[in-house]
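In: Quick one, what's the 3D model for this:
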Amino acid sequence: MLPARLLGSCPWTLVPWLNDPVYEDRYRAAMISQQAASFVALRPPDRWLSFELYPALNGVTMRVSPAMVEAEDVPVQPPETDLSGPVSEAGLTVPTRVGALYHILHLASTLTKAASVQDVVDLVANRLMPAFGGDGMALMVAEDGRMSVVGDRGYPPHLREHYDGLPLTSATPSVRTMVTGIPSFFSSQEELDEIYGPETAVDDGMASWAFLPLIASGRSVGTCVLAFARHHRFTVEERALLTALGGLIAQALERARLYDAKLELAHALQQSLLPHALPRLGRLSAAARYLPGTEDMDIGGDFYDVIALADDTVAAVVGDVQGHNVTAAALMGQVRTAVRA
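Out: Modelled structure (predicted):
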């Protein structure tokens, strides 16, 4: 039965009269925006159906029901695929290129909210993979002449271990894309083996791949791999859209890596200001809790300490710095050392 065949598949791959980029565009728009969408399609010969899409992070729930379409709203000729979209509830058409632009703009606005590298990985996995029907995703960057896998989804752990640390001289499609900055699309294992050889790639259980260069500030900083468990034919529009999205991912990833580096520095500096343990006192219990006043860097620069002066004398010290940043914290470290001296 058709409902059973549709389970786990994209409708336009199994239903011929839905095999139009404009319907696929509505599905992707719902996944990327995480907002409900709808469209009307003609089931040959003369039955109009309404499709309501309700997105979630793990896919789209679709409700299909008969549509009430007035005769004057029905186009005399079917709309051209490249110029117009499906008939909307108001009888209007939506350009496909406008929908593709919407994908880019909405994903760009979403990626600006990503603070850490893990945030970028989660956003790409939760939005990009379902929107294009992908089953696997990996983000890789270059570090010290080697490839580092910063995040992946849909791959077994041993594959990450294999690719993590590969030298940038390796003849693999992910490294080649990272070094050259040129995207690669392979619709089958045969296409991949024809260029790189069957001995190069490790069997990852996928059937089609898109290797997207992550280019930020005019240089290639990594590779995004989008893989499909079934054979997937990449159209010209889809290749252009994926390549554009790769640039947005690259910019977000570079910002996130810089943020993570600053956050790691801030944590290390803050921890150096605070005592590792409070001294044990004979007739006094000492406890402390530290909560930075800043949200972004998680660094305050303030410090506390308990210093045993004699058997029956202790000094409790609290340092309050003006300005919550790395410079203030470094100055406070000198003050803490002076107080102990």
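In: Return the distance of residue 291 relative to residue 302.
Out: Applying C-beta to C-beta, to the nearest Å, the value for residue 291 to residue 302 is 10 Å. All C-beta atoms are positioned from the backbone trio N, CA, C, and that covers glycine.
In: Mind checking which of those two has more residues around it?
Out: Set residue 291 next to residue 302 and count neighbours by other C-beta atoms under 10 Å: residue 302 wins out with 20 against 7.
In: all helices of the stretch 1-150 of the chain, in order?
Out: Using DSSP state H, counting those that start in this stretch, the helices found in the stretch 1-150 of the chain span residues 2-6, 11-14, 21-33, 96-111, 117-123, 129-132.
In: Where among the ones you listed is average confidence lowest?
Out: Of all the helices of the stretch 1-150 of the chain, helix 96-111 carries the lowest average pLDDT, namely a mean of 61.
In: Give me the most central residue, the protein.
Out: Residue closest to the mean C-alpha point of the chain, counted by C-alpha atoms, centre = their mean, is residue 124 at 2.2 Å.
In: my read: that one touches residue 250, true?
Out: No. Assessed by C-beta atoms under 8 Å, residue 124 is found out of contact with residue 250, at 11.1 Å.
In: In the protein, spot the helix with the most residues.
Out: Determined from DSSP state H, the single longest helix within the chain is helix 236-273.
In: Buried residues of it, list them for me.
Out: Neighbour-count burial for helix 236-273 flags 237-238, 241-257, 259-260, 263, 266, 269-270, 273 (criterion: 16 or more other C-beta atoms under 10 Å).
In: rewinding a little: who's in contact with the residue nearest to the centre of the chain?
Out: Residues near residue 124 by C-beta atoms under 8 Å, 6 or more residues apart in numbering: 137, 139, 151, 224, 249.
In: ok, now residue 224?
Out: Contacts of residue 224 by C-beta under 8 Å, 6+ apart are 124, 137, 138, 139, 140, 211, 212, 214, 246, 249.
In: what does residue 209 give?
Out: 173, 184, 185, 186, 192, 225, 226, 227, 228.
In: So what sits opposite it in the bridge?
Out: Beta-bridge partners recorded for residue 209 (DSSP bridges): residue 186, residue 227.
In: Which pLDDT value does the model give it?
Out: In this prediction, residue 209 carries a pLDDT score of 93.
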